[in-house]
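Enquirer: Fold the following for me, if possible:
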Amino acid sequence: MQETVESGSLTTTHIQTALPSAGYPSVDVIIPHFNGVEILDKCLAALERTTYPNFTITIVDNGTIDESLKLASEKYKRIRIIGAGKNLGYAGGCNFGFAKTRGKYVVFLNNDTEQAPDWLENLVSVAESDETIAAVQPKLLSIQARERGERVFDYAGGAGGMLDALCYPYALGRVFNQTETDDGRYDTATEIFWASGAAMLARRSAIDRVGGFDDDFFAHMEEIDLCWRFWIAGYKVYAAPKSVVYHYGGATLAAGNPRKIYLNHRNNLMMIVKNSSLLRLLYLLPIRVMLELASLAYYRKHGSEYTAYVVNALVWNVKNFFKTFAKRRAVQQLRRRRDRDIFKNAGGWVVLKKAIAG
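Expert: Down below sits the predicted model:
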């Protein structure tokens, strides 16, 4: 049962958190992994303390070459390891694991996360409250801040992912690299635009309907693309702040890594072409291309190595425009909700205004 109230620009919902007495829905926790002994060990140690009784752990070996999986298999008996044969990236690794599992829900989980014991039951409780909820995100807090004795939101998703009117992503509790202290202001279950791939619970039937992650994204923003399709198809995405997961930001690709810059610029444009309604695309794409060129000019002016990566991102989108447009046709066939309704809580040009303000 739930009670919905309007609060500012967001819809917040007071959700009955008790799970049905009939039993606990099955959950498959899928962890794509590519190297990292210590981070995987800490993640699995935390998962062993999970109080939810009906879940399995599947680790997708994305071409690991260190001892992490061997050590994990010796220490943790409830895990299952499946080999992808090569590094499929986060998107491809998640899809590979999804195809090998059967639970009612799946959790796509980064290997550099640590979870509170009741994290999973709180995610499932929100999902079970409404069958139109396709994905749920926990409150993501920074492991590095925790080590300093602080309680600060993590960059990867904060208290829930949002997309502004120009389709720049940000999060409740974080815009750019500025993260807020968790002071309780986001402690009510809330509709969000996207759930972070660092820890996302998703309804299997919803993924079966809209398709999984787009392998072409490889990593970064693949979860935003998926959640946008959820919204298009008539589903909702929620934050479940009673569920807490800690994330070690930058363990895979640190902020400012050139590869990360390339993927973010490339994938954001690809996502816009795929998912925008035609009217929105006609006015948004020229604006975004101009802004990409502006960022390119900024990098060149400051002699940044990022210049080449932004150019490559733009070139990739030009070369692959028709491939992306073919995907767009499939996405638009899912449409049950107008962009006007999807972006009603976008809050304007949030990220651009923040960038101009410095």
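
Enquirer: Apart from its neighbours in sequence, what residue is nearest I207?
Expert: Leaving out its chain neighbours, the residue that sits closest to I207 by Cβ to Cβ, 6 or more residues apart in numbering is F98, at 6.7 Å. In short, each C-beta sits where N, CA and C put it, glycine included.

Enquirer: any idea of the mean pLDDT in the helix or strand encompassing that neighbour?
Expert: Assessed by DSSP states H and E, F98 sits inside helix 89-99. When the per-residue pLDDT values of helix 89-99 are averaged, the result is 96.

Enquirer: Okay, buried residues for it please.
Expert: Of the residues in helix 89-99, 89-98 count as buried by neighbour count, 16 or more other Cβ atoms under 10 Å.

Enquirer: residues making contact with that helix?
Expert: Defining contact as Cβ atoms under 8 Å, 6 or more residues apart in numbering, one finds that helix 89-99 is touched by 28, 30-33, 58, 60, 62, 82, 84, 87-88, 106, 108, 197, 204, 207, 212-220, 222.

Enquirer: Nearest to L263, out of the buried residues of helix 89-99: which one, please.
Expert: Nearest to L263 out of the buried residues of helix 89-99 is G89 (Cβ to Cβ; 9.3 Å).

Enquirer: burial count for the nearest residue to D187 once chain neighbours are set aside?
Expert: Sequence neighbours aside, P241 is the residue nearest to D187 in space, at 4.9 Å (criterion: Cβ to Cβ, 6+ apart). Neighbour count of P241, defined by other Cβ atoms under 10 Å: 22.

Enquirer: again with G303
Expert: Here the count is done by other Cβ under 10 Å, and G303 has 7 residues near it.

Enquirer: before we move on, back to that, tell me how far the residue nearest to D187 lies from N122.
Expert: 9 Å (Cβ to Cβ, to the nearest Å).

Enquirer: Now for these two: what residues contact both?
Expert: With contacts taken as Cβ under 8 Å, 6+ apart, P241 and N122 have P138 as neighbours in common.

Enquirer: quick revisit: against which helices or strands is the host helix or strand of the residue nearest to D187 packed?
Expert: Mapping P241 onto the secondary structure by DSSP H and E places it in strand 236-247. For strand 236-247, the helices and strands in contact under the criterion 3 or more Cβ pairs under 8 Å, 6 or more residues apart in numbering; DSSP states H and E are strand 113-115, helix 119-128, strand 133-142, helix 143-147, strand 190-191, helix 222-232.

Enquirer: and T179, which of these is closest to it?
Expert: Of all those, the one in closest proximity to T179, counting by Cβ to Cβ, is strand 133-142 (6.8 Å).

Enquirer: Which elements pack onto that closest one?
Expert: Under the contact criterion of 3+ Cβ pairs under 8 Å, 6+ apart, strand 133-142 touches helix 119-128, strand 199-203, helix 204-210, helix 222-232, strand 236-247.

Enquirer: pLDDT of the third one, averaged?
Expert: Helix 204-210 comes out with an average pLDDT of 98.

Enquirer: For that helix, list the C-alpha coordinates in CSV.
Expert: Below are the C-alpha coordinates for helix 204-210, written out as CSV (Å, rounded to 0.1, in the frame of the first residue of the first chain):
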residue,chain,number,x,y,z
ARG,A,204,12.9,-8.7,-14.7
SER,A,205,9.6,-8.5,-16.5
ALA,A,206,10.3,-4.8,-17.2
ILE,A,207,13.7,-5.5,-18.7
ASP,A,208,12.2,-8.3,-20.8
ARG,A,209,9.8,-5.7,-22.2
VAL,A,210,12.2,-2.8,-22.9
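
Enquirer: Which residues does that helix contact?
Expert: When contacts are defined by Cβ under 8 Å, 6+ apart, helix 204-210 is touched by residues 98, 102-106, 134-135, 226, 229-230, 232-233, 235, 334.

Enquirer: Quick check: PyMOL command selecting the buried ones in those residues.
Expert: Restricted to the buried members of these, where burial is judged by 16+ other Cβ under 10 Å, the PyMOL selection command reads as follows:
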select buried, resi 98+103+104+105+106+134+135+226+229+230+232+233+235+334
